[in-house]
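Student: need a structure here:
(4 chains, ligands or ions: 2)
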Amino acid sequence: MSVSTLDPVALRADFPILREQVNGQPLVYLDSGATSQKPQAVIDAEVEFLTRTNSAVHRGAHTLAAEATVLFEDARETVAAFVGAPAEQLVWTHGATEGLNLVAYAIGNATAGRGAPASARFALRPGDEIVVTEIEHHANLIPWQELALRTGAVLRHIPVHDDGTLDLDAAAALIGERTRVVAFTHVSNVLGIVNPVAELVARAKAQGALTVLDACQSAPHLPLDLPALGVDLAAFSGHKMLGPYAIGGLYGRADVLEDLPPFLTGGSMITTVTLDEAEYLPPPQKFEAGTQPVSQAVGLAAAVRYLEGIGMDAVHDHERMLEQRMREGLRQIPGIRLLGDTPDGIDRVALAAFDVEGVHAHDVGQFLDARGVAVRVGHHCAKPLHARFGLTASVRASASVYNTVDDVDVFLDAVSGVRAFFGAGA
Amino acid sequence: MSVSTLDPVALRADFPILREQVNGQPLVYLDSGATSQKPQAVIDAEVEFLTRTNSAVHRGAHTLAAEATVLFEDARETVAAFVGAPAEQLVWTHGATEGLNLVAYAIGNATAGRGAPASARFALRPGDEIVVTEIEHHANLIPWQELALRTGAVLRHIPVHDDGTLDLDAAAALIGERTRVVAFTHVSNVLGIVNPVAELVARAKAQGALTVLDACQSAPHLPLDLPALGVDLAAFSGHKMLGPYAIGGLYGRADVLEDLPPFLTGGSMITTVTLDEAEYLPPPQKFEAGTQPVSQAVGLAAAVRYLEGIGMDAVHDHERMLEQRMREGLRQIPGIRLLGDTPDGIDRVALAAFDVEGVHAHDVGQFLDARGVAVRVGHHCAKPLHARFGLTASVRASASVYNTVDDVDVFLDAVSGVRAFFGAGA
Amino acid sequence: MSGLDGLYQELILDHSKARDGYGLAAEEGRTASSHQHNPICGDDITLRVRLDEAGGSIRDVTWEGAGCSISQASASMLVGLVEGMETDAATTLIGHFREALRSRGKILLDEDEFGDAAALSGVSKFTARVKCAMLAWVALEDAMVRA
Amino acid sequence: MSGLDGLYQELILDHSKARDGYGLAAEEGRTASSHQHNPICGDDITLRVRLDEAGGSIRDVTWEGAGCSISQASASMLVGLVEGMETDAATTLIGHFREALRSRGKILLDEDEFGDAAALSGVSKFTARVKCAMLAWVALEDAMVRA
Ligand SMILES: Cc1ncc(COP(=O)(O)O)c(C=O)c1O
Ligand SMILES: Cc1ncc(COP(=O)(O)O)c(C=O)c1O
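Tutor: Ligands and ions are numbered 1, 2, ... in the order given. You can find the predicted model right below:
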């Protein structure tokens, strides 16, 4: 398991679901961009926790509670280290959607005068600007729309070039004095392109704006060092990185987490409470109201250890190889239009979204499914990006550590039969 | 499994953790009020899902996605039926804390002018009143404090009698014309008393106020019919009712869910999205942004089926029997003061919190732990209630379906040794 | 690939290209339209129904929109089926159609009742595609209520 | 019940009742106080340290507060230990104490260095109780910084 180049055929044995058949065909799972499959080690870690240690954390003095608390906080350390951060800078969330909403609502709360005196630095005034990009997943778009609508701030969008790269000249012009927040994705879940985080962060910092990174599609696929990237906050989801559902992380710079007001309120995040008022614990607990996803945190730590066992460099190399084979293969099939088909030299993850001329994405997906190939069809929660490319839907194949060259070839072979089946083109 | 009186000794075999030893003693788990243990059927349901069907729901056309969607929506139907509701009136949350925050923030959003025109009926004006009780868990208190502080509404509290019952005369005086929300718990997690929901709902309805029920400590222990109780909204947590962590439900009346603005925003809850604006799906999806706790929903449905297999009447009868034995036993031990020691005839769940004269709750808990008895010590996230009784902490024993008369007797025997060990009293 | 052939029968692929009734007729007499949208895949349809003067029966149905072959074929099949039908009968028909499609393969569409549209029986097993097949039918149901 | 006896040694139970240094001394000369609170169990302590004129050593330590026997005993033990000690040495001592208590039972408290407080070694295995034992020591650390 400590190989420096990844052997997906060997790894597959760790993923029980990959032994399943779909429609009488071996499952070729190319929908990891939506959710990844889980290795046995992750399932075992959760089951082991539930059958041996399960109990509420941070709340009891009894033995199980103490053991569970240790496992839970060890898991935090493991997952934090995976993204280059100390444990106290990792807030547990239930996923990236909640993490991004947390930030938007906390800023909203600061705007409403809540939090400590230092929270005022996040308050938005009417006319202040929030900058996002045209390629965002709805999870990193709608919370900002709503925040803007609640506070009178203005939402602005960095446009995308035809090849899927962000228009950095436009970004330079957009990010200005009034910019208070710049929120963008590390890797788009439709384009698969790794965005130039350093450049965007530098521009935002020069204007004193807060940076928020959506690391959902990078955390599972590349070595990640969030403090080195310089972002103020970053969100990711466990279920996309071989971990359980309903667990995720929000990384934050220490001073930012310190000064942001809380979001969800309730148990285990307070120091004192009277009937009228509460005072809050320091981060990360300040943001962790209520019973936490305990077994899921333990499971996510197991997922991270599994990925580290492979090595994130090896993961990335493997996926780049798959990605190149996938895009080259698709380019050769008549009637295929790739979204975000960048020239060589631009870093990417193993994901390709495309349109098949004359055949609706839903029909393409169904055709592939009959061959055992699971892909995603639709707008992938990025409607504005699809609109930008004149589409309402596309087909997306996305790979992970357990995908092989064979998987890609079965997929390509299936795609090449689509248009004939539906009588599109000649 | 379809017995009409519950046989806890037989049931225990279904809970692998109960075979564990703690400090060389068989585990006597009396901390189910914090979190319950999980039967093998729940663990198996999740593992089965993860190893055979796992994939994103509501988003893919491929076979696994379709199967997962069916399981996920079937789970909703099962859990909704358990609380007497149709599926479309059950919103998945990650737990009661999130559910109660959802309601408070949605009202805040309505106050900020968000949502549909009909959402305006929830908007708060300065001076409007939110009524809670003195006995609430922080999860049903702090979200309302924060909402009041953000909107200028006033928070008021229904006091509690010395015996732990709510002061209904005071409630009648408090709930008036200005009252817009009445939020209260079905069963307090410290007192164990079943509160008179019908009376409070009637008073609130007479004033046109919205009613919000915290059903965290009732859902696992009694037959529940939320529509029949007449509340507008009710929240509960899966992990307290034999289910997984990170899943919960928010029940709502159809028109209330329809008119409340969304809370978390992101993927899978929209109809259309442009760069500047989004339109939202009808409930329950409107409140379910992002990837949902899919395997956990399947696990919670298994938990609910397990409870239904026993029968909630049998569960309640069994727990009342344990509760009576527990309180009677405690009353006979010198130096014990029970919190909420109601006279006979008042409905309760199997939970007893108490103070031991001269010994700190932490020390009591530690002493019991050495005998294998797991209880909770502290303020149980109900600081104001403890302050009302002049305490900062108490010891709480809380039982569930898998506890036996023997468990209670081991517990009582251990408690009776506490004061001698610590040299308190004579 | 029996599964796939069961879903995409010849008749369906033919209708998805023929698209009977495509292009909205002029608003004339008792006319009503309905716009339906499937947020999951982005499919949409605008369907227009024109009734006889008394409002008791359907003169014709026309539509426009974009979507997968199932949704296009289903709209096309619907057009021939309901022309001249009493509105009450059409409502009943739509109810039967919904019931069969939601049955997860348990109820088949009767050829006598559904004509070409009986070929859509196979969709019922593909739960993710049921909404595609329903789109035009829901639009007609909605339009008749407004007419 | 070896586990329990390992935690609650006689010495600890005795100190929890004796509570050396209980009752705050008057503010006099170089004095500083610190209030610490454990939100999980509600324990709290107010601890006051009085230094010699130069500020180099501890004249005395007094405290008030409520908490479990571990927290009360630990405060009581601390009082005798640090009286007359140089502040630098006290800071080092607190560092060693923290390290041992966080070691999950791996590091024992040396009797020569810690006197009666060495009896708190057993707490280190009870992770939920480490904060109880630390409360007074953290208060002293904080107070010395302010003095
Ligand atoms: C009465 C009551 N309300 C709310 C909660 C909060 O539930 P959760 O922590 O699962 O969100 C709890 C449990 O801690 C509770 O006992
Ligand atoms: C780029 C991106 N951001 C955010 C999300 C939302 O993540 P989740 O649904 O796990 O909250 C996703 C996945 O759906 C994504 O791909």
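
Student: longest helix in chain C, by residue count?
Tutor: helix C:130-146 (DSSP state H).

Student: contacting residues for A:Gln285?
Tutor: A:His58, A:Ser268, A:Met269 (Cβ atoms under 8 Å, 6 or more residues apart in numbering or on different chains). C-beta: built from backbone N, CA, C; applies to glycine.

Student: Counting neighbours, what do you get for C:Ala26?
Tutor: Using other Cβ atoms under 10 Å in any protein chain shown as the criterion, C:Ala26 is surrounded by 9 other residues.

Student: for it, helix, strand, or coil?
Tutor: coil (DSSP: H, G, I helix; E, B strand; the rest coil).

Student: any idea how far it is from chain A?
Tutor: C:Ala26 sits 27 Å away from chain A, going by Cβ to the nearest Cβ, to the nearest Å.

Student: tell me the phi and psi of that residue?
Tutor: Per-residue torsions, C:Ala26: phi -60, psi 150 (degrees, to the nearest 10).

Student: Next one, pLDDT for it please.
Tutor: The per-residue pLDDT reported for C:Ala26 equals 94.

Student: same thing with A:Arg59?
Tutor: Looking at A:Arg59, its pLDDT reads 66.

Student: Ok, A:Val3 next?
Tutor: What the model reports as pLDDT for A:Val3 is 46.

Student: Over to the one 3 residues further on?
Tutor: Per-residue pLDDT puts A:Leu6 at 86.

Student: Now A:Leu155. Its backbone dihedrals?
Tutor: phi -100, psi 130.

Student: That one bridge partners, please.
Tutor: Beta-bridge partners for A:Leu155, by DSSP bridges, are A:Ile130.

Student: Touching, it and A:Ala148? I think so.
Tutor: Yes: with contact defined as Cβ atoms under 8 Å, A:Leu155 counts as touching A:Ala148 (4.4 Å).

Student: Need the overlap of contacts for these two.
Tutor: Shared contacts of A:Leu155 and A:Ala148 (Cβ under 8 Å, 6+ apart): A:Ile130.

Student: can you tell if the longest helix of chain C touches chain B?
Tutor: No: judged by Cβ under 8 Å from any Cβ of the partner chain, helix C:130-146 and chain B are separated, with a smallest distance of 9.1 Å.

Student: got a list of contacts for that helix?
Tutor: A:362, C:32-36, C:38, C:40-41, C:43-49, C:51, C:58, C:61, C:63, C:65, C:67-68, C:70-71, C:74-75, C:78, C:82, C:87, C:90-91, C:94, C:97-98, C:101-102, C:120, C:123-124.

Student: Please verify my assumption that A:Cys216 contacts A:Ala234.
Tutor: No: with contact defined as Cβ under 8 Å, A:Cys216 and A:Ala234 do not form a contacting pair (9.6 Å).

Student: so what sits against both of the two?
Tutor: Shared contacts of A:Cys216 and A:Ala234 (Cβ under 8 Å, 6+ apart): A:His186.

Student: What residues does residue 85 make contact with?
Tutor: In the absence of a named chain, chain A is used. By Cβ under 8 Å, 6+ apart, the contact set of A:Ala85 is A:Leu226, A:Pro227, A:Tyr251.

Student: actually it's chain C I care about, not the one you picked
Tutor: Each residue near C:Met85 by Cβ under 8 Å, 6+ apart is listed here: C:Ser57, C:Ile58, C:Leu93.

Student: Return the subset of these lying in strands.
Tutor: Judged by DSSP state E, the contacts of C:Met85 include C:Ile58 as members of strands.

Student: which one of the contacts of C:Met85 is nearest chain A?
Tutor: Ranked by distance to chain A (Cβ to the nearest Cβ), the contacts of C:Met85 are led by C:Leu93 at 24.9 Å.

Student: closest to ligand 2 among the contacts of A:Gln285?
Tutor: A:Met269 (21.1 Å; Cβ to the nearest ligand atom).

Student: So A:Ile175 versus A:Ala228, what's the distance?
Tutor: For A:Ile175, the distance to A:Ala228 (Cβ to Cβ, to the nearest Å) stands at 21 Å.

Student: And these two? Which one has more around it.
Tutor: Taking other Cβ under 10 Å, A:Ile175 and A:Ala228 do not tie; A:Ile175 has more neighbours (22 against 10).

Student: Please name the residues that touch the more buried one.
Tutor: A:Val131, A:Val182, A:Leu200, A:Arg203, A:Ala204, A:Ala206, A:Gln207, A:Ala209.

Student: same question, A:His360
Tutor: So A:His360 contacts A:Ala393, C:Asp43, C:Ala66, C:Gly67, C:Cys68, C:Ser69 (Cβ under 8 Å, 6+ apart).

Student: all strands for the stretch 251-400 of chain A, in order.
Tutor: For the stretch 251-400 of chain A, applying DSSP state E, counting those that start in this stretch gives strands covering A:270-273, A:278-280, A:336-339, A:351-356, A:373-374, A:376-378, A:394-398.

Student: Cool, thanks, talk later.
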